[in-house]
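Undergrad: sequence-free structure coming up:
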């Protein structure tokens, strides 16, 4: 259909060949602008176009006509990039959680806002909005749950601000925003403090004496081997300062008995393999004797159990040939098996399961 001019040619309305709605265009603020009237009838489209034109002129006179990209545009670009760039490094659920936060909370509040209008004050308004509107139904949520009975947790708001920050950083990379606004809470209160349960020197002595007594009580070879391993685990950890996950990943080839240059005493030099690479650790001299015991302790070979013997007789298998004791190899773990359960049993045995603040030691 031909183009229809309104207001003396200041506005033109027209229809595209692939759309049933009328479109409008006009020049305001030295820039050609387009708008979909969402109307199929020409008279209604003309009224909608005129209202849009007068609204733009009003924004121009008030000085609020902003042509900069909106937060919604930056959010769409962020979602388009994030899943591709972090593929294999972030779980799909974490990537999806960003999209959910944007759709349910961030875009309804910031979506139409130009990026340079996302100020620290506006972010604080968002925090207040989230803390006061939690009991109202959210039309952007697809869930069928009832509104929350209490405000969102600190961690929930923190995750939403993290998503907000990543969208704004995307805008900076594309040149849509000059700098990142301050997103820290202005009235920041001290977060939750959690003390790690620790052992005083007397409690540590109480623990290793209980572990030593437990190892001496065992009669069966396999139980005795596990108990002695846990006893040496306690001493090894205290004399090296390793974290439990680091100790459980440790192999014998990562540990070397060496002489300390300063004290001239024998110590352990350990290559600790963590999630960020290899770190080097020097132990106290007390760890050397413990490690020598670990090297010399052969794992006993278990005899055929009653159930295995019955199964073998049913299927007609041969009697297994028992090999000798197995000594650690360089590629074997220093602490094979799961010692966590035995260690927790020792804590209860020694009366050290709870620390002085009533927190459980694990």
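TA: Thanks, I have it. Worth saying up front: this structure is predicted, and the values here are computed from it rather than measured. Residues are numbered from 1 along each chain as shown.
Undergrad: just give me how far the helix or strand of the chain with the lowest mean pLDDT sits from the chain centre.
TA: Using mean pLDDT, DSSP states H and E, helix 306-315 stands out as the lowest-scoring helix or strand of the chain, at a mean of 79. Distance of helix 306-315 from its chain centroid, counting by C-alpha atoms, centre = their mean, to the nearest Å, is 48 Å.
Undergrad: can you list contacts of the following helix or strand past that helix?
TA: Downstream of helix 306-315, the next assigned helix or strand under DSSP states H and E is helix 340-349. Helix 340-349 has contacts (C-beta atoms under 8 Å, 6 or more residues apart in numbering) with 207, 210-211, 214, 226-227, 230, 233-234, 353, 361-362. For every residue, glycine as well, the C-beta is placed using N, CA and C.
Undergrad: just the buried subset of the residues you listed, please.
TA: 207, 210-211, 214, 226-227, 230, 233-234, 353, 361 (16 or more other C-beta atoms under 10 Å).
Undergrad: go through those and flag which are in helices.
TA: In helices, defined here by DSSP state H, the members of the buried ones among the contacts of helix 340-349 are 207, 210-211, 214, 226-227, 230, 233-234.
Undergrad: any idea which of the buried ones among the contacts of helix 340-349 the model trusts least?
TA: Lowest in pLDDT among the buried ones among the contacts of helix 340-349 is residue 361, which has 83.
Undergrad: gap between the residue nearest to that residue when sequence neighbours are not counted and residue 250?
TA: Leaving aside its sequence neighbours, residue 361 sits nearest to residue 197 (C-beta to C-beta, 6 or more residues apart in numbering; 4.2 Å). Going from residue 197 to residue 250 by C-beta to C-beta, to the nearest Å gives 23 Å.
Undergrad: show the pLDDT at the closest residue in space to residue 198 that isn't next to it in sequence.
TA: Spatial nearest neighbour of residue 198, chain neighbours left out: residue 355 (7.2 Å); criterion: C-beta to C-beta, 6+ apart. Residue 355 carries a pLDDT value of 87.
Undergrad: residue 355 against residue 361, yeah?
TA: Yes - between residue 355 and residue 361 there is a contact under C-beta atoms under 8 Å: 6.0 Å.
Undergrad: overlap in contacts of those two?
TA: Common neighbours of residue 355 and residue 361 (C-beta under 8 Å, 6+ apart) are residue 197.
Undergrad: ok, residue 118 - contacts?
TA: 71, 110, 164, 168, 181.
Undergrad: are any of those residues buried, and which?
TA: Here, 16+ other C-beta under 10 Å leaves 71, 110, 164, 168, 181 buried among the contacts of residue 118.
Undergrad: how near is the third one to residue 274?
TA: Relative to residue 274, residue 164 is positioned 31 Å away (criterion: C-beta to C-beta).
Undergrad: what are the boundaries of the strands in the stretch 151-300 of the chain?
TA: Secondary structure of the stretch 151-300 of the chain, counting by DSSP state E, counting those that start in this stretch: strands at 255-259, 266-274, 277-282.
Undergrad: of all those, which lies closest to residue 220?
TA: strand 255-259 (28.5 Å; C-beta to C-beta).
Undergrad: neighbouring strands - and their directions - for the closest one?
TA: strand 266-274 (antiparallel) (DSSP bridges).
Undergrad: give the buried residues for the partner strand.
TA: Buried residues in strand 266-274 (16+ other C-beta under 10 Å): 267-268, 270, 272.
Undergrad: helix or strand: which one has the most centrally placed residue in the chain?
TA: When C-alpha atoms, centre = their mean is applied to the chain, the residue found nearest the centroid is residue 94 (7.9 Å). Assigned by DSSP H and E, residue 94 belongs to helix 92-101.
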